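> Turn this into a structure:
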Amino acid sequence: MPGFLLQRRWAAAALTGLGLGAVLLLGLRSSGDPFAFLHAQQSGWGHQPGLNLSGLPRWQRLFSQILLGGQNTEAGELVDFVFPVLMLSCALLAIAAWRLNQNRPNSALILGGISLMGAWLLAGSPFLNGAMAIASAALLLWGWARLPLEQRCFALASIAAYLLKQNTISFERHLYATVPLLLLLGLWASLHPRWAKLLLGFSSLLCLVFGLRFASGGWVG
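Reported below is the predicted structural model:
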């Protein structure tokens, strides 16, 4: 709404406000509480509505799991030396892929794929959540000037809401609701088709693995 109002697009701002008003009215009619959706999150998941920093320790734990491994994170000290070494190797492969991208694109693509698969196999869901958080911020910075004002506001508000929530699960699922990021991802993919094919292949593998997890009653997030 602020983005539309700053551009004096009154009709768009009014329609956006009507959407929020409809949610409030639905809560009021069904339970007598217009903010039922917030209170349900608070009672069911332990989330605290509003702007707060209580989720930051979860993100600290997430990146500890990525860089040091789950065993070291749980122990609070370095008891497993293999995991950090392997993760460092994946990072070095990613850096090498970045450096070789201009002169040796085929080699860069292979190294990038090995790095991506290796990090995922090592850290699993924490790696996906952390990588998508960093990639989303980088993508927004890259495409900032390409987005209209209202989409910039929407993307910033969405990412802030995701980063400040009280847990780090299902971050990749929440990003699907951030339409400006999807538009920028499509633009980036059109400019880098080779890397886009790598991401599509990796995403297809994730769809298969997640589908099997759901089918067997497993947790994905």
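> List the contacts of Phe83.
When contacts are counted by C-beta atoms under 8 Å, 6 or more residues apart in numbering, Phe83 touches 68-69, 71-72, 122. The way it works is simple: take the backbone N, C-alpha and C, and place the C-beta from them, glycine included.
> Report the buried members of those.
68-69, 72, 122 (16 or more other C-beta atoms under 10 Å).
> ok, which pair from those is furthest apart?
Pairwise distances across the buried ones among the contacts of Phe83 peak at 12.3 Å for Asn72 and Leu122 (criterion: C-beta to C-beta).
> Can you give me the neighbour number for Gln102?
8 (other C-beta atoms under 10 Å).
> Could you do Leu140 as well?
So Leu140, with other C-beta under 10 Å, has 20 neighbours.
> which element is it on?
helix 125-142 (DSSP states H and E).
> could you give the angle of the helix or strand containing Ile95 to helix 125-142?
Ile95 belongs to helix 82-100 when elements are defined using DSSP H and E. Angle, helix 82-100 to helix 125-142, by axes from the mean of the first three to the mean of the last three C-alpha atoms, to 10 degrees: 30 degrees.
> can you pull the buried residues of the next helix or strand after helix 82-100?
Under the assignment DSSP H and E, the closest C-terminal helix or strand after helix 82-100 is helix 105-123. By 16+ other C-beta under 10 Å, the buried positions in helix 105-123 come out as 108-109, 111-113, 115-116, 118-120, 122-123.
> so where do the helices sit in this protein?
2-6, 10-31, 36-45, 56-67, 70-75, 82-100, 105-123, 125-142, 149-163, 171-175, 179-191, 193-215 (DSSP state H).
> Same list, those helices, but as CSV with mean pLDDT please.
Putting the helices of the chain into CSV (pLDDT from 0 to 100) gives the following:
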stretch, mean pLDDT
helix 2-6, 84
helix 10-31, 91
helix 36-45, 78
helix 56-67, 87
helix 70-75, 90
helix 82-100, 94
helix 105-123, 94
helix 125-142, 89
helix 149-163, 84
helix 171-175, 76
helix 179-191, 92
helix 193-215, 91
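> Leu200 versus Gln7, what's the distance?
Distance of Gln7 to Leu200, computed by C-beta to C-beta, to the nearest Å: 35 Å.
> Just give the number of residues close to the nearest residue to Ala196 once chain neighbours are set aside.
Spatial nearest neighbour of Ala196, excluding adjacent residues (C-beta to C-beta, 6 or more residues apart in numbering): Ala189 at 3.6 Å. The number of residues packed near Ala189 is 15, by other C-beta under 10 Å.
> List the residues that contact Ala189.
Counted by C-beta under 8 Å, 6+ apart, Ala189 has contacts 195-196, 199.
> now swap in Ser203 and tell me
Ser203 neighbours (C-beta under 8 Å, 6+ apart): none.
> And Leu128, by the same measure?
Leu128 neighbours (C-beta under 8 Å, 6+ apart): 120, 171-172, 206.
> For those, pick the one with the most neighbours.
In these, the most neighbours by other C-beta under 10 Å go to Phe171, 23 neighbours.
> For the spatially closest residue to it that is not a sequence neighbour, give its distance to Val220.
Of all residues not flanking Phe171 in the chain, Asn129 sits nearest, at 4.2 Å (C-beta to C-beta, 6+ apart). Counting by C-beta to C-beta, the gap between Asn129 and Val220 amounts to 11 Å.
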